[in-house]
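Asks: Okay, sequence plus prediction incoming.
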Amino acid sequence: MRVLYVDDEPDIREIAVLALRLDSDFDVMTAASGREALSAAIDFRPDIILLDVMMPEMDGLATLARLREGDATSAIPVVFITARTQALEIERFLKLGALGVIPKPFDPLTLAMQVRALVPSSVEPGR
């Protein structure tokens with residue numbers, strides 16, 4: 001399964017890659033910004049995108065909106081990974097089209113399992 005992890009913090013990206021690769025079925029690519037994520041989503045064709053909400057320039061909400069506008073990216077499931085986890089915020093993220101929300105800081109030992117649990121069964125890895 002192809003996973004695109006998007007976060008502006010290099011240390012968090014590194015930990016996420018290590019954590020996600022605990023699942024040998026995951027092929028992980030990272031992006032450091034919303035703009036990078038848009039290109040990576042087209043080139044890498046991920047089965048799911050894990051997206052930080054708070055990033056400079058183009059935040060996760062703007063990135064999600066742009067992903068939904070593109071023919072090649074509109075159907076890719078997106079999960080927000082964020083410290084913004086109050087009930088109203090989560091509800092807003094879901095209404096905007098996010099598949100789910102994983103709270104930050106995430107547990108590196110369970111991140112891969114959390115992602116796998118959120119992936120729709122209709123998603124065929126490596127579309």
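Replies: Received the coordinates, thanks. Remember, it's a predicted structure, so these values are computed and weren't measured experimentally. Numbers count the residues shown, from 1 in each chain.

Asks: Identify the bridge partners of the most centrally placed residue in the chain.
Replies: Nearest to the geometric centre of the chain sits Leu50, at 1.0 Å (CA atoms, centre = their mean). Here Leu50 sits in beta bridges with Tyr5, Val79, as judged by DSSP bridges.

Asks: I'd say it and Tyr5 touch.
Replies: Yes: checked against CB atoms under 8 Å, the pair Leu50 and Tyr5 is within contact range at 4.7 Å. Where you see a C-beta, it was placed from the backbone N, CA and C, and this is true even at glycine.

Asks: Overlap in contacts, those two.
Replies: Counting by CB atoms under 8 Å, 6 or more residues apart in numbering, the contacts common to Leu50 and Tyr5 are 16, 81.

Asks: in which helix or strand would I find Ser39?
Replies: helix 34-44 (DSSP states H and E).

Asks: so what's Val101 up against?
Replies: 79-82, 85, 90, 93-94.

Asks: ditto for Val79
Replies: 48-51, 98-102, 115, 118.

Asks: want to try CSV for those residues, with pLDDT, distance to Met29 and secondary structure as columns?
Replies: Listed next are the contacts of Val79 as CSV, based on pLDDT from 0 to 100; distance: CB to CB, whole Å; DSSP: H, G, I helix; E, B strand; the rest coil:
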residue, pLDDT, distance to Met29, secondary structure
Ile48, 96, 11, strand
Ile49, 98, 10, strand
Leu50, 98, 11, strand
Leu51, 98, 13, strand
Ala98, 95, 19, coil
Leu99, 94, 18, coil
Gly100, 94, 20, strand
Val101, 95, 21, strand
Ile102, 96, 18, strand
Val115, 95, 14, helix
Leu118, 90, 18, helix
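
Asks: Give the residue spans of the protein that score low on pLDDT.
Replies: 120-127 (pLDDT under 70).

Asks: ranges for the strands of it?
Replies: With DSSP state E as the criterion, the chain has strands at 2-6, 27-31, 48-52, 78-82, 100-103.

Asks: Adding distance to Gly70, write the ones you listed out as a markdown table.
Replies: A markdown table is the format used below for these (distance: least, CB to CB, whole Å):
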| stretch | distance to Gly70 |
| --- | --- |
| strand 2-6 | 14 |
| strand 27-31 | 15 |
| strand 48-52 | 12 |
| strand 78-82 | 12 |
| strand 100-103 | 21 |
